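A.B. asks: here is a sequence with its predicted model. Questions after.
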Amino acid sequence: MRRADVADHSAIVDRVQRWWGDSRTPAEARELSLLLPKLFLQFFSRTSLVLEDETGIRAFLVGFHAPDNDVEAYIHFVGVDPELRGQGTARRLYTTFFRHAAEEGRTEVRAITSPANTGSIAFHRAMGFTLEDGGRVIDGLPVHGDYDGPGQDRVCFFRKLAG
């Protein structure tokens, strides 16, 4: 595992389109990859991670430390090669990110996902995140309505880091 680099951008975008291609149309997978503009790796490569082997990038985490406060860190996007899912790869990325954030004095980590992404919700809960209260409850989940724009509801996660 290593810190990401801006040169990883095109490979990460390619992985998003391929790895999510089995659960989305090509247009939807392409749209999902738009959540990762190059600026994330231009300005937050030091806080983002890549796992690679001789075949290339196998997993990544794009995250950053809040520039407006010294407390929070945020995990923006995580991808794991379908061949590696269920083997602790995402857990390893998260724990490495937590460790780096704590070393920089951060005490809180936040993340979001879609209310429909039950796998992500279960994973975040298993990683010690709590769900933040939203404006409404859907299927027992606190949901922040229109979080990312009209009709773009999100579940918001919060986790304290060990001191």
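C.D. replies: Happy to help now that I have it.

A.B. asks: use CA for all of it now, contacts and neighbours both
C.D. replies: Will do.

A.B. asks: what's the domain layout of the chain?
C.D. replies: 1-106, 108-163 (automatic domain parsing).

A.B. asks: and the helices in the protein?
C.D. replies: Here the chain has its helices, by DSSP state H, at 9-19, 26-33, 39-44, 89-103, 118-126.

A.B. asks: if we can go back for a sec, adding mean pLDDT and mean neighbour count, write the domains of the chain out as CSV.
C.D. replies: Output for the domains of the chain, formatted as CSV (pLDDT from 0 to 100; neighbours: other CA atoms under 10 Å):
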stretch, mean pLDDT, mean neighbour count
domain 1-106, 95, 17
domain 108-163, 94, 15
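
A.B. asks: most distant residue from the middle of this protein?
C.D. replies: Taking CA atoms, centre = their mean, the residue of the chain most remote from its mean C-alpha position is Glu54, at 23.9 Å.

A.B. asks: quick one, phi psi at that one?
C.D. replies: Note on Glu54: its backbone torsions stand at phi -60, psi -20 [degrees, to the nearest 10].

A.B. asks: need the residue closest to the centroid of the chain.
C.D. replies: Of all residues in the chain, the one closest to the mean position by CA atoms, centre = their mean is Phe77, 2.8 Å from it.

A.B. asks: what sits against the nearest residue in space to it that is not next to it in sequence?
C.D. replies: For Phe77, ignoring the flanking residues on the chain, the nearest one in space by CA to CA, 6 or more residues apart in numbering is Val62 at 5.2 Å. Residues near Val62 by CA atoms under 8 Å, 6 or more residues apart in numbering: Phe40, Leu41, Phe44, Ser45, Thr47, Ser48, Leu49, Ile75, His76, Phe77, Val78.

A.B. asks: one more: Ala73?
C.D. replies: With contact set as CA under 8 Å, 6+ apart, Ala73 has these partners: Gly63, Phe64, His65, Ala66, Ala101, Arg106, Thr107, Glu108, Val109, Arg110.

A.B. asks: tabulate these (JSON lines), appending distance to Asp8.
C.D. replies: Listed next are the contacts of Ala73 as JSON lines, based on distance: CA to CA, whole Å:
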{"residue": "Gly63", "distance to Asp8": "14"}
{"residue": "Phe64", "distance to Asp8": "16"}
{"residue": "His65", "distance to Asp8": "20"}
{"residue": "Ala66", "distance to Asp8": "22"}
{"residue": "Ala101", "distance to Asp8": "21"}
{"residue": "Arg106", "distance to Asp8": "25"}
{"residue": "Thr107", "distance to Asp8": "28"}
{"residue": "Glu108", "distance to Asp8": "27"}
{"residue": "Val109", "distance to Asp8": "24"}
{"residue": "Arg110", "distance to Asp8": "24"}
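
A.B. asks: no more questions from me, cheers.
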